[in-house]
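J.: Next come a sequence and a model predicted from it.
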Amino acid sequence: MGTSDQIIMACCSDIAGQVRGKGFPESDLPTRLKRGIGWTPTNVMINCFDVIADSPFGALGDLALIPDPNAGYIIRDAGGEPVEQVMLGDIVTLEGDPWNCCTRSILKQALRRLDEVAGLNVTAAFEHEFQLLDSAEGASGDSGTAYSLGGARSGATMGRRIFQLMARNNLRPDTFMKEFGADQFEVTMKPSDGLGAADQATMLREMVRVAAAEGRRRATFTPIRTPAGVGNGVHVHVSLNDRDGKPVTYDPDTETGLSEAAASFAAGLTTFLPSILALLAPSAISYLRLTPHRWSAAYNNLGLRDREASVRICPVTALDPLAIARQFNLEIRACDAAASPYLQLAAIIHAGTEGIARELAAPKVTEADLSVLSAEELAAMGIARLPTSLDEALKLMAGEAAITSWFGEEVVAVYQAHKRGELAVLDGLSPEDQCARYLEVY
């Protein structure tokens, strides 16, 4: 970090997908790296609307948020001066043990399980879609700009600033583009190790907000702005490596290109996707986006070059086998930014690991518009419609014993209570009003 006595924010990404934390003087960093900063168990029950759901902890208990020196980020102004310093960290008990409900620790546990079960680790990358709010000179407007140079030009200053902020913090920029929706853009990053990818995804959202604010705009990652509008998704790309770092997702001798381990990983994803959806797309309005013909995901299917598949086998551009093996990956498309990246990736890894542990066979790749098929035809293919509401998704999650075995009873109970509290805030609101509420917080 820097040398001046500035404020460092020790932060975590919580169940609501919000980055919360406390600040301390930079001169206290050596002490804070050992002792952390005080944290309260009931903080986990603060939902995205800043309402505390029914808490099993009440006013009792104490925790510590320990900043990780390997997850430090500095936001600098145009002149290069630091204006904000953030260190992501882990929530621990006063005895120093990982707290059950710490999202970062939950991801670490999922990564350990994948290693223990299969001797594998994950490389991951997150793609983020977002939209700009508030009027500004040169704003792209509603028509004629989808994927266009003109649309990209309207956000070029912001895009350059996002890339600058990323590069200065060892996030490797990948692409920036004008998306289909009004004032909608997409920013992607190059792959990183599992924990690093979630750290970077957490901070990338904040960097986008900083860059937008510098242009007197607000960025929103809300899953969908209006019921009939274009959604903002998060696409999570994952590939598998062995303990020596060798990529093991690709096998040129299979029909799909998936190795045996990757095929079982994909089967675990499609099998458990309906039950983990409440973790991947956790807002009430997420389910307005997850409908057929929105280029999102509506079924628990595996697709090849199909942007409506919930799990997609991505194409590669390389020619030599090693480069193909390093590029080959699975894309999970049913996610959005109402979720913590740590919980999203943990759920994905646990589901895939379960597929490997059970030696599940590769799901059959779909090549049709599934929305025109009957429930009976879908069932014969082993495919189901994904939950159509957060309430339904939460019930499926609560009823799946495997999820409790992955996360533990306390985490599942806390998550359910947190999200039920969120739904209570929205009770009686129209879909339009629900969208308006979420627009302001994401």
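T.: Done, it's in. Numbers count the residues shown, from 1 in each chain.
J.: When you work out contacts or count neighbours from here on, use the C-alpha atoms and nothing else.
T.: Will do.
J.: quick one: low-confidence ranges for the chain?
T.: Scanning the chain for pLDDT under 70 picks out the ranges 1-4, 135-144, 318.
J.: Spatially central residue (nearest the centroid) of it, please.
T.: Among the residues of the chain, the one closest to the centroid is Pro341, at 3.4 Å (CA atoms, centre = their mean).
J.: And for it, nearest residue in space, chain neighbours not counted?
T.: Take Pro341 and drop its neighbours on the chain: the residue closest to it by CA to CA, 6 or more residues apart in numbering is Ala198, 5.2 Å away.
J.: List the contacts of that neighbour.
T.: 341-342, 345 (CA atoms under 8 Å, 6 or more residues apart in numbering).
J.: sorry, back to before: distance of the residue nearest to the centre of the chain from Ile91?
T.: The gap separating Pro341 from Ile91 is 16 Å, by CA to CA, to the nearest Å.
J.: sorry, back to before: wait, is the residue nearest to Pro341 part of a helix?
T.: Yes. Under DSSP: H, G, I helix; E, B strand; the rest coil, Ala198 sits within a helix.
J.: the domain parsing of this protein - what is it?
T.: Domain ranges of the chain: 7-99, 108-441, per automatic domain parsing.
J.: start to end distance for the shortest one?
T.: Just to be clear, that refers to domain 7-99. Distance across domain 7-99, first residue to last, is 25 Å (CA to CA).
J.: i'd like the first residue to be 36 from this point on
T.: Taking 36 as the first residue, the last one we looked at is domain 42-134.
J.: so which of the domains of the chain is the most packed in?
T.: When the domains of the chain are scored by mean count of other CA atoms under 10 Å, the highest mean neighbour count falls to domain 143-476 (a mean of 20).
J.: Could you pull up the residues touching Thr180?
T.: Counting by CA under 8 Å, 6+ apart, Thr180 touches 186, 213, 215.
J.: what's the distance between it and Ser189?
T.: Using CA to CA, Thr180 is found at 9 Å from Ser189.
J.: Would you mind pulling the contact partners of the strand or helix carrying Ala313?
T.: Assessed by DSSP states H and E, Ala313 sits inside helix 295-315. The contact list for helix 295-315, computed with CA under 8 Å, 6+ apart, reads 275, 283-286, 335-337, 345-346, 365, 369-371, 374, 378-379, 382-383, 386-391, 394-398, 421-422, 425, 428-429, 431-432, 435, 438.
J.: same deal with stretch 458-466?
T.: Stretch 458-466 is touched from outside by 84, 261-262, 319-320, 469, with contacts defined as CA under 8 Å, 6+ apart.
J.: Could you dump these into CSV and include secondary structure and distance to Gln219?
T.: As requested, the contacts of stretch 458-466 are exported to CSV (DSSP: H, G, I helix; E, B strand; the rest coil; distance: CA to CA, whole Å):
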residue, secondary structure, distance to Gln219
Phe84, coil, 24
Thr261, coil, 13
Pro262, coil, 16
Ala319, coil, 21
Ile320, coil, 18
Gln469, helix, 20
